[in-house]
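Q: Structure here, sequence nowhere to be found:
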C-alpha cells in the first residue's frame with residue numbers, strides 16, 4: 001500500500017467503517033443470503049462508509065487544523081484536501097453503482113443511509129438534529145442487509161428499532177472526547193447541548209434498550225429461538241448490559257475517551273454475532 005493510500009485510509013475513519021461493514025455482512029449472512037450477495041452488500045456498504053469518513057475529514061479540515069488534531073492526516077497537511085475530496089466523491093459514486101445491484105428496496109435504503117452520513121458531515125453535526133442521521137443510517141442498515149437480492153424481504157421491526165437506538169449510542173460516545181475541540185470551533189450538536197454526563201448516560205442507556213429489543217425479538221414472536229439460541233440471547237444481553245454499566249461508570253468518574261465509543265462498538269458486534277449464531281429470525 002502506498003503512503004497516500006495509507007493516509008487516505010486513515011482519513012476514512014477505518015474503525016467505524018470496518019465495524020459497519022461487518023455488521024451488514026453478518027446480518028446478510030444470518031438471513032441466508034448466498035455468499036456472492038453477502039460480498040456485494042459488504043462492498044456497497046464499505047464504499048459508502050469510506051465516502052462518509054473521507055467527506056468528514058475533507059469538510060472539517062480547517063476546523064481540525066485549528067485545534068491541532070494529530071490523528072487527522074488532512075489537518076496535519078500529510079495529504080491534500082483536494083485528494084481526500086476527490087476520493088470521497090469517487091467512493092460515493094462506487095457506492096451508488098454497487099447499490100443498484102442490490103435490488104430496489106436495498107438500493108434506496110443504502111442511498112438514503114449514505115445521504116444521511118453526508119448530510120451530517122455537511123452541516124447537521126452542528127445542529128440539535130445531529131443525532132438524526134445516525135438514527136436513520138443505523139436504522140436502515142438492517143434493511144440494506146436483509147432486503148438485498150431479488151426476494152427483497154424486510155427485516156423485523158425490532159431489528160430496525162435496534163439499529164436506530166444504536167445510532168444514538170454511537171453518535172453520543174463518538175462525540176464525547178471532542179466536546180472541548182468542538183466548542184472551540186462552534187460545533188453544538190445534540191450531545192453537546194446535553195452535556196458530558198447526560199449524553200454519556202443516554203448513550204449507554206440506549207445500549208441497554210437495544211439489548212432488550214434484541215432479546216425480545218429473539219425470544220418472542222411467531223418463530224422464537226430455541227435451545228442454545230435462548231442461552232446465547234440471554235448471555236449476549238447480559239454482556240451488553242455489563243458493558244453499559246462500565247460505560248456509565250467511566251462517564252461519571254473520568255474524562256471522556258475513545259474507550260466509550262469502543263464499548264458501544266463491541267456491544268454492537270456482540271449482539272449481531274449472537275444473532276448470527278442463535279439463528280434468530282431477522283425477517284419480518
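A: Sure thing, it's come through. The structure displayed is predicted, hence computed values, not measured ones.

Q: Over to residue 113. Which of the three states is it?
A: Three-state secondary structure (criterion: DSSP: H, G, I helix; E, B strand; the rest coil) places residue 113 in helix.

Q: Tell me where the stretch 101-250 of the chain has helices.
A: With DSSP state H, counting those that start in this stretch, the ranges of helices along the stretch 101-250 of the chain come out as 104-122, 132-147, 157-175, 179-184, 190-194, 196-219, 228-253.

Q: any idea of the mean pLDDT in the fifth one?
A: This means helix 190-194. Averaging pLDDT along helix 190-194 gives 85.

Q: same check, this time on the first one
A: Average pLDDT, helix 104-122: 95.

Q: follow-up on the earlier one: ok, of the helices of the stretch 101-250 of the chain, where does mean pLDDT dip lowest?
A: Note on those: helix 179-184 shows the lowest mean pLDDT, a mean of 70.

Q: coming back round to it: dump the helices of the stretch 101-250 of the chain to JSON lines, plus mean neighbour count and distance to residue 94.
A: For glycine as for every other residue, the C-beta is placed from the backbone atoms N, C-alpha and C. Listed next are those as JSON lines, based on neighbours: other C-beta atoms under 10 Å; distance: least, C-beta to C-beta, whole Å:
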{"stretch": "helix 104-122", "mean neighbour count": "21", "distance to residue 94": "11"}
{"stretch": "helix 132-147", "mean neighbour count": "25", "distance to residue 94": "15"}
{"stretch": "helix 157-175", "mean neighbour count": "24", "distance to residue 94": "23"}
{"stretch": "helix 179-184", "mean neighbour count": "14", "distance to residue 94": "30"}
{"stretch": "helix 190-194", "mean neighbour count": "19", "distance to residue 94": "30"}
{"stretch": "helix 196-219", "mean neighbour count": "21", "distance to residue 94": "30"}
{"stretch": "helix 228-253", "mean neighbour count": "17", "distance to residue 94": "33"}
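
Q: Next, format those helices as a markdown table and append distance to residue 39.
A: As requested, the helices of the stretch 101-250 of the chain are exported to a markdown table (distance: least, C-beta to C-beta, whole Å):
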| stretch | distance to residue 39 |
| --- | --- |
| helix 104-122 | 14 |
| helix 132-147 | 12 |
| helix 157-175 | 21 |
| helix 179-184 | 37 |
| helix 190-194 | 35 |
| helix 196-219 | 25 |
| helix 228-253 | 26 |
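
Q: Out of all residues in this structure, which is the farthest from the middle?
A: Note on the chain: the largest C-alpha distance from the chain mean falls to residue 227, namely 30.7 Å (C-alpha atoms, centre = their mean).

Q: about what we covered before: looking at the helices of the stretch 101-250 of the chain, which is closest to residue 77?
A: Minimum separation from residue 77 across the helices of the stretch 101-250 of the chain (C-beta to C-beta) falls at helix 179-184, 18.0 Å.

Q: State the pLDDT value of the residue farthest from the centre of the chain.
A: 75.

Q: repeat for residue 47
A: At residue 47, the pLDDT value in this model is 97.

Q: can you check the one 4 residues further on too?
A: At residue 51, the model reports a pLDDT of 95.

Q: Can you give me every residue that contacts it?
A: By C-beta atoms under 8 Å, 6 or more residues apart in numbering, the residues touching residue 51 are 88, 89, 91, 92, 94, 95, 114, 117, 118.

Q: Distance check, it against residue 142.
A: According to C-beta to C-beta, to the nearest Å, residue 51 and residue 142 sit 21 Å apart.

Q: what do you get for residue 183?
A: The spacing between residue 183 and residue 142, counted by C-beta to C-beta, is 34 Å.

Q: Tell me which helix or strand the closest residue to residue 78 other than its chain neighbours sits in.
A: Spatial nearest neighbour of residue 78, excluding adjacent residues (C-beta to C-beta, 6 or more residues apart in numbering): residue 7 at 5.4 Å. Assessed by DSSP states H and E, residue 7 sits inside helix 3-11.

Q: contacts for that helix?
A: Residues contacting helix 3-11 (C-beta under 8 Å, 6+ apart): 1, 53-54, 57-58, 71-74, 78-79, 83-84, 87.

Q: What subset of these is buried?
A: Buried members of those, counted by 16 or more other C-beta atoms under 10 Å: 53, 54, 57, 58, 72, 73, 74, 79, 83, 84, 87.
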